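In: Could you work out the structure for the sequence below:
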Amino acid sequence: MSVNLYESRQYLNEYFLFHYAPPREKCPYPFAPRDAVRFHERIVPECLQPIRCDGPTRGLDIGCAVGRLTFELAGVVDQATGIDNAASLVRGARRIARTGQVTIDRYDLGGATSPLTITLPRGYQRRRVRFKIGDAQTLAERPAHAVLAINLICRLPRPRKFLEQLPRLVVPGGQLVLGSPHTWLPRYTPRRYWLRAEEILELLQPAFRVVRRRDLPFLIRETQRKFQWTVSDVMTFVRRP
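Out: Now for the predicted structure:
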């Protein structure tokens, strides 16, 4: 029986901080890279083109964790669904959607923690979002007008299986935003299934065309003095007719 490495209290706390905390709470040091603390706010306006459709629009956020990007997506579609295979993260996303805030334990130094209340930013369309547990490699969702999969593929056991589903998950003319820092690790993905960016592009090329590609940094706080600074390779595709 496989163990989901993201089913832990530590990951839940770190991801709430990463997704929702104000920049000063994510990293108070003035010399820190400031553009890396607004990662989720940047994806939709910088990587997604305007969505044009006569009827209601749908969006999918695959690998949503605790849901910040699902809320961002709900600002440009009528209904946004966040999907993750970690039940604790999905429950966290549902909780903040329902209550508007959560209190987490922030890791400081020497194993000590301090409480921090995380609040959902104003203006979010809470009625437009829903969250569900699901495996990104075996999705049964209806096609959507915008599909986001950010920092996901290099944490999947079989990333090619996920990529092969994408043509049926995006409506013709719809958009796919795929981001990854390509930090492949054997504990998540067997080495024989690792993919280079060029291989990902080649797999998607028959059904999609690339319209934008950019590097977006992000910062994850682990402790008061330890942070992950990473750069995601974010590609925007349009589904061919």
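In: The one helix or strand residue 233 maps to packs against which elements?
Out: Using DSSP states H and E, residue 233 sits in strand 226-239. Other elements packing on strand 226-239 under the criterion 3 or more Cβ pairs under 8 Å, 6 or more residues apart in numbering; DSSP states H and E are helix 39-47, strand 170-180, helix 197-204, strand 208-223. To be clear about C-beta, it is placed using only N, CA and C from the backbone, and glycine gets the same treatment.
In: tell me the most buried of these?
Out: Neighbour counts (mean count of other Cβ atoms under 10 Å) averaged over each of the helices and strands packed on strand 226-239 peak at strand 170-180, with a mean of 21.
In: okay, that one in CSV with CA atoms only?
Out: Presented in CSV, the C-alpha positions along strand 170-180 are these (Å, rounded to 0.1, in the frame of the first residue of the first chain):
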residue,chain,number,x,y,z
VAL,A,170,-9.6,20.8,-22.3
VAL,A,171,-12.3,22.0,-24.7
PRO,A,172,-11.2,22.9,-28.2
GLY,A,173,-9.9,26.5,-28.0
GLY,A,174,-9.5,26.1,-24.2
GLN,A,175,-6.3,26.7,-22.3
LEU,A,176,-3.9,24.6,-20.3
VAL,A,177,-1.4,26.1,-17.9
LEU,A,178,1.2,23.6,-16.9
GLY,A,179,3.9,24.6,-14.5
SER,A,180,6.8,22.6,-13.0
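In: Partner strands of that strand and their direction?
Out: strand 144-150 (parallel), strand 226-239 (antiparallel) (DSSP bridges).
In: closest to residue 129 out of these?
Out: strand 144-150 (12.8 Å; Cβ to Cβ).
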